[in-house]
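In: fold the following for me, if possible:
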Amino acid sequence: MKKLKQGWVEGSVQEFLDLSAADMEYIETRRALSRQLRAERQKKHLTQTELAARLKTSQSRVAKMEQGDPTVSLDLLIQSLYRVGMTRKSVAAAM
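Out: Next up, the predicted model:
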């Protein structure tokens, strides 16, 4: 961390939240998979509502998945990627 004038301190999110390297890797993995779901949906010219129908869920749930909301399980996120046509190899590459 770097001390600045007037008592302010400059640092990273990891330092501020006291996250371990493993925590950061997990967060970055979730973010990457969320971004990939959105990219796959857009590549297939699907709306969130259309994707939700395919996944048998709600549009708001798809929006949460694409935003990386922590209430969405990693399991659901990965299953959704498979349901839009990704393979295990392509999911792994997205991470």
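In: which of the helices or strands spans residue 28?
Out: Element membership of residue 28, judged by DSSP states H and E, is helix 21-43.
In: tell me the helix or strand right after that helix.
Out: Following helix 21-43 toward the C-terminus (DSSP H and E): helix 48-55.
In: quick one, that following helix and helix 21-43 angle?
Out: Computed by axes from the mean of the first three to the mean of the last three CA atoms, to 10 degrees, the angle separating helix 48-55 from helix 21-43 equals 100 degrees.
In: helix 48-55: how far from the chain's middle?
Out: Here helix 48-55 is found 17 Å from its chain centre; the criterion is CA atoms, centre = their mean, to the nearest Å.
In: what lies in contact with whatever helix or strand comes next after that helix?
Out: Using DSSP H and E, the helix or strand that follows helix 48-55 in sequence is helix 59-67. Helix 59-67 has contacts (CB atoms under 8 Å, 6 or more residues apart in numbering) with 34-35, 37-38, 41, 47-49, 51-52, 55, 71-72, 76-77, 80. Heads up, the C-betas are built off the backbone N, CA and C, glycines and all.
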